[in-house]
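Student: Please find the sequence and the predicted model below.
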Amino acid sequence: MVEMKEKFEKAKRLVTHKIDICELKPGDHIYAYRGFRSYTHHGIYVGEDRVIHFIQTEIDSLSELKPPCAKCGYQHNVHLGVVRTCLDCFLSDNAHSSDSLRLYQYEESSFFKRLKISGTCSTSKCCLPPETVVHNANELHNKNGFGRYDLLENNCEHFATFCKTGIPSSEQVHGFMSIPTMPSLVKKIKNKIKLSSR
């Protein structure tokens, strides 16, 4: 019975990508569900309970200023862009729930990728060794050098895949933009924003 349960748990992890904190290795591309599982937030685990991830680069005027985290010093709306936080802060939109922690899958088969939620896996090859991935993440953090945050063109998944493969990509954006009406809707919205900012 125990063996059957272990096999079930292993099979479930293949689909859900769930990972225990104690299984994390430096260089892992991790993600957590946010917004009632409507999207995923991505980062690179760099060891010692720390994650480097990319967040908004402009102050969120609707959000109140909170005190810094006692564990890592991260302060929402003060630290922007490429940030280094503890796992709790990385998972903070999920009420510090380690249940939402997932390991991003690379080299996923096209068949299985179609069955999974966008932003959880990629058919791309993961060609960089873990120490290079950690180095890339640290360099981008030290320079706060991943540019301006843009939900469609430069987001946290772009950051994590760049650290991991050298190529920025977002499967969430690809999935969203593959909905037939989305590209034209996004273009109209961007044009309205440009016109209103003049």
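Tutor: That came through, no problem. As the structure is a prediction and not an experimental result, all values here were calculated from the model.
Student: what ranges do the strands span in this structure?
Tutor: Taking DSSP state E as the criterion, the chain carries its strands at 29-34, 39-47, 50-54, 82-86, 101-103.
Student: Residue 66 is nearest to which of those strands?
Tutor: Residue 66 sits nearest to strand 82-86 of all these, at 13.0 Å, using C-beta to C-beta. From N, CA and C alone the C-beta is placed, and that goes for glycine too.
Student: Surely residue 69 is in contact with residue 86?
Tutor: Yes: using C-beta atoms under 8 Å, residue 69 is in contact with residue 86, at 6.5 Å.
Student: For these two, indicate the residue with more neighbours.
Tutor: residue 86 (19 against 16; other C-beta atoms under 10 Å).
Student: List the residues that contact the more buried one.
Tutor: By C-beta atoms under 8 Å, 6 or more residues apart in numbering, residue 86 lies in contact with 49-51, 69, 71-72, 74.
Student: quick one: which of the strands of the chain is nearest residue 133?
Tutor: Comparing those by C-beta to C-beta, strand 39-47 comes nearest, at 6.1 Å.
Student: for the nearest residue to residue 89 once chain neighbours are set aside, what are its contacts?
Tutor: Among residues not flanking residue 89 along the chain, residue 74 sits closest, at 4.7 Å (C-beta to C-beta, 6 or more residues apart in numbering). Residue 74 makes contact with 68, 83-86, 89, according to C-beta under 8 Å, 6+ apart.
Student: Only whichever of the residues you listed are buried, select them in ChimeraX.
Tutor: Of the contacts of residue 74, the buried ones go into a single ChimeraX selection, burial set by 16 or more other C-beta atoms under 10 Å:
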select :83,84,85,86,89
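Student: Among the contacts of residue 74, which pair sits farthest apart?
Tutor: 68 and 84 (13.0 Å).
Student: export the contacts of residue 74 to a markdown table and tack on pLDDT and distance to residue 19?
Tutor: Below are these laid out as a markdown table (pLDDT from 0 to 100; distance: C-beta to C-beta, whole Å):
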| residue | pLDDT | distance to residue 19 |
| --- | --- | --- |
| 68 | 93 | 27 |
| 83 | 97 | 21 |
| 84 | 97 | 20 |
| 85 | 97 | 18 |
| 86 | 96 | 16 |
| 89 | 93 | 18 |
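Student: closest to residue 170 among the contacts of residue 74?
Tutor: Looking across those and measuring by C-beta to C-beta, the closest to residue 170 is residue 83, at 18.4 Å.
Student: before we move on, the earlier item: nearest to residue 153, of the contacts of residue 74?
Tutor: residue 83 (19.5 Å).
Student: hmm, back to that, just the buried ones among the contacts of residue 86, please.
Tutor: 50-51, 69, 72, 74.
Student: Residue 104: which of these is nearest?
Tutor: Among the buried ones among the contacts of residue 86, residue 51 lies closest to residue 104 (C-beta to C-beta), at 12.6 Å.
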